[in-house]
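Q: A predicted structure for the sequence below; I have some questions about it.
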Amino acid sequence: MARDLTVLIMAAGHGTRMRSSLPKVLHPVCGRPMIEWVIAAAREAGADRVVCITRPGEGVAEHLDGSVEIAEQTEGEGTGAAVLAAREALAASQTAVVLSGDHPLVSPELIKSLIDAHVRAEAAATLLTTEQLDPAGYGRVVRGADGSVERIVETKHTDGVSPEELAIREINIGTYAFGAADLLDALDAVGEERGERYLTGVIPIIREKGKNLAAHVTADTRSAMGVNTRADLLEIERLARLDLIERHATAGVAFTAPGTVAIDAGVEIGADTTIGSGVTLTGATRVGGGCTIGPQATIADSTIEEGATVLHAVLTEAHVGPNASVGPFAYLRPGAKLAEGSKVGTFVEVKNSNIGPGSKVPHLSYVGDADVGEGSNLGASTITANYDGKRKHRTAIGDGVKTGIHTSLVAPLTVGDGAYTGAGSVIRKDVPDGSLAYSDAKQRNIEGYNPKPAEDRPE
Ligand code: UD1
Ligand code: CA
């Protein structure tokens, strides 16, 4: 195995064909920017150093946030100029693997097998090729009569490319292993084509020097798929999503309608959880085992513990405890924390609040900035009035509290353990433990208001 392995990831250039304000390599695949997939693959393949080549001002280096080395491409255009931007890292390395930041599904296994092939062949350069993709637009691998690689012909522009070359199916995937010194020597000798210095220009130069050139042919088309347009990205996203779902299924997760589900890379799901139709799980979401999620749930950056149910709901930065129940039609906003066995039911919104063990908020409520104790029940349409127009205030609701329907709890407020509130009450003062609080609004009956009550009956 080669020691001192540096992986270069070419990631400069905005990628104008994406028609986006976002640089190409930052476009997400299953919620994770393309370049991060490539970085993860490089690491898994055993890279000692990972260097990303970016262009100043494009925002890619800033995104990477110190997790990898950056080499800025300030001079020249093209993949050759990109690699030269990492001259210092190359000069200090033995083996260099070059990856493209726009091949998000490149697999660590394939990178490893490329390095193995490179070492076995004692080659100065080993390129990865495939015959399994539509070759349009890719560099074609031109081989000599003895089958050895002679050069790469670019076909992004086909003018000047011969019909024989256009008929070649074997393409350059754009993933290479090089002896670092051989690469630097050859690159310095590569001239410009169409105003660019092509990395593929090193192939004939290395060949002329009489050094070993190897090609490693693969059938792993996912690794070979590059993204130049959003249409390319659609297919990559589809494949990555399928892979993720298959991996979760293998680990014991049930999917009733997998084609309707979107799960970000990095989301965790426990065994024996069922994911229904129309479920989206994003960001740092973790779902425990034995849960029922969906049909229809949009869950971002939330934790759901074992045995919980979430049906027709939207959750953002929420925490759902074991065996708790959410929905249908519930909205849990940041800081909503539901303890074990609690329930947030139909048309209920909870924000920055703790719902204690076994407590229930079954219908039509808004609970904001509140702490609800254990075993309490908020009657239908109980509302916390947490905002006085200037500031937010908290509502403390004790254990075993029962609020009547249409209770307004005007914060700051404390409702003691075992307290009750009457239907339709506006509670503005603290309620002591064990008492019943209600606010009077006396009922008046206005007689004779409708002189012909019998005629109002439906036929
Ligand atoms: C390249 C290969 C082609 C191969 C294809 C596979 C060359 C000349 N051609 O073509 O043989 O079939 O990949 O997908 O290498 N980049 C920089 N700086 C630059 C230019 C590009 O960092 O100045 C980066 C891009 O961000 C991208 C990668 O290099 O991640 C590849 O560049 P791109 O322009 O997409 O090359 P292709 O035309 O696809
Ligand atoms: Ca490309």
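A: Done, it's in. Ligands and ions are numbered 1, 2, ... in the order given.
Q: C-alpha from now on. contacts and neighbour counts both.
A: Noted.
Q: and the strands in the stretch 1-150 of the chain?
A: Ranges of strands in the stretch 1-150 of the chain, per DSSP state E, counting those that start in this stretch, are 5-10, 28-29, 32-33, 49-54, 69-72, 95-100, 125-130, 139-143, 149-153.
Q: the second one pairs with which strands?
A: On the basis of DSSP bridges, the sheet neighbours of strand 28-29 come out as strand 32-33 (antiparallel).
Q: again, but for the fifth one
A: The strands beside strand 69-72 in its sheet (DSSP bridges) come out as strand 49-54 (parallel).
Q: pull the partner strand out as PDB, backbone CA atoms only.
A: The C-alpha coordinates for strand 49-54 follow below in PDB (Å, rounded to 0.1, in the frame of the first residue of the first chain):
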ATOM      1  CA  ARG A  49      -3.800  14.700   3.400                       C
ATOM      2  CA  VAL A  50      -6.900  16.000   1.600                       C
ATOM      3  CA  VAL A  51      -6.400  19.200  -0.400                       C
ATOM      4  CA  CYS A  52      -9.300  21.000  -2.000                       C
ATOM      5  CA  ILE A  53      -8.600  23.200  -4.900                       C
ATOM      6  CA  THR A  54     -10.900  26.200  -4.900                       C
END
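Q: what mean pLDDT does it have?
A: In this model, strand 49-54 carries a mean pLDDT of 97.
Q: before we move on, the earlier item: I'd like the strands of the stretch 1-150 of the chain written out as a markdown table, with distance to residue 243 added.
A: Putting these into a markdown table (distance: least, CA to CA, whole Å) gives the following:
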| stretch | distance to residue 243 |
| --- | --- |
| strand 5-10 | 23 |
| strand 28-29 | 12 |
| strand 32-33 | 14 |
| strand 49-54 | 25 |
| strand 69-72 | 29 |
| strand 95-100 | 21 |
| strand 125-130 | 21 |
| strand 139-143 | 28 |
| strand 149-153 | 32 |
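Q: most packed of the ones you listed?
A: Of all those, strand 5-10 has the most neighbours on average by mean count of other CA atoms under 10 Å, namely a mean of 27.
Q: for ligand 1, what are the nearby residues on this structure?
A: 10-13, 53, 77-79, 81-82, 100-102, 138-139, 154, 171-174, 198-200, 226 (CA under 6 Å from any ligand atom).
Q: again, 5 Å this time
A: 10-12, 77-79, 82, 100-102, 138-139, 172-174, 198-199, 226 (CA under 5 Å from any ligand atom).
Q: write a PyMOL command that selects only the buried members of those residues.
A: This is the PyMOL syntax for the buried subset of the residues of the chain next to ligand 1, where burial follows 16 or more other CA atoms under 10 Å:
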select buried, resi 10+11+12+77+78+79+82+100+101+102+138+139+172+173+174+198+199+226
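Q: of the strands of the stretch 1-150 of the chain, which is nearest residue 371?
A: strand 32-33 (35.2 Å; CA to CA).
Q: hmm, who's touching that closest one?
A: In this structure, residues lying in contact with strand 32-33 by CA atoms under 8 Å, 6 or more residues apart in numbering are 25-27, 264-265.
Q: at 7 Å what do you get?
A: 25-27, 265 (CA atoms under 7 Å, 6 or more residues apart in numbering).
Q: chain center to that strand: distance?
A: Centre-to-centre, strand 32-33 and its host chain are 6 Å apart (CA atoms, centre = their mean, to the nearest Å).
Q: name the helix or strand for the closest residue to ligand 1 within the stretch 251-400 of the chain, please.
A: In the stretch 251-400 of the chain, the residue that lies nearest ligand 1 is residue 265 (20.9 Å; CA to the nearest ligand atom). Secondary structure assigned from DSSP states H and E places residue 265 in neither a helix nor a strand.
Q: pLDDT score for it?
A: pLDDT at residue 265 comes out at 96.
Q: residues near it, how many?
A: 19 (other CA atoms under 10 Å).
Q: with residue 91 instead?
A: Applying other CA under 10 Å, we find 12 other residues in the vicinity of residue 91.
Q: quick one: residues contacting residue 218.
A: Residue 218 touches 129-130, counting by CA under 7 Å, 6+ apart.
Q: spit out the contact partners of residue 269.
A: 286-289.
Q: swap the cut-off to 10 Å and go again
A: With contact set as CA atoms under 10 Å, 6 or more residues apart in numbering, residue 269 has these partners: 248-249, 251-253, 275, 281, 285-291, 304-306.
Q: now it, which residues is it bridged with?
A: Bridge pairing for residue 269 (DSSP bridges) gives the partners residue 287.
Q: rewinding a little: check the burial of the residue lying closest to the residue of the stretch 251-400 of the chain closest to ligand 1 once chain neighbours are set aside by counting its neighbours.
A: Leaving out its chain neighbours, the residue that sits closest to residue 265 by CA to CA, 6 or more residues apart in numbering is residue 30, at 5.6 Å. Per other CA under 10 Å, the neighbour tally for residue 30 reads 21.
Q: what does the one 4 residues further on give?
A: Using other CA under 10 Å, residue 34 is surrounded by 23 other residues.
Q: right, and it touches residue 26 too?
A: Yes - with contact defined as CA atoms under 10 Å, residue 34 counts as touching residue 26 (5.8 Å).
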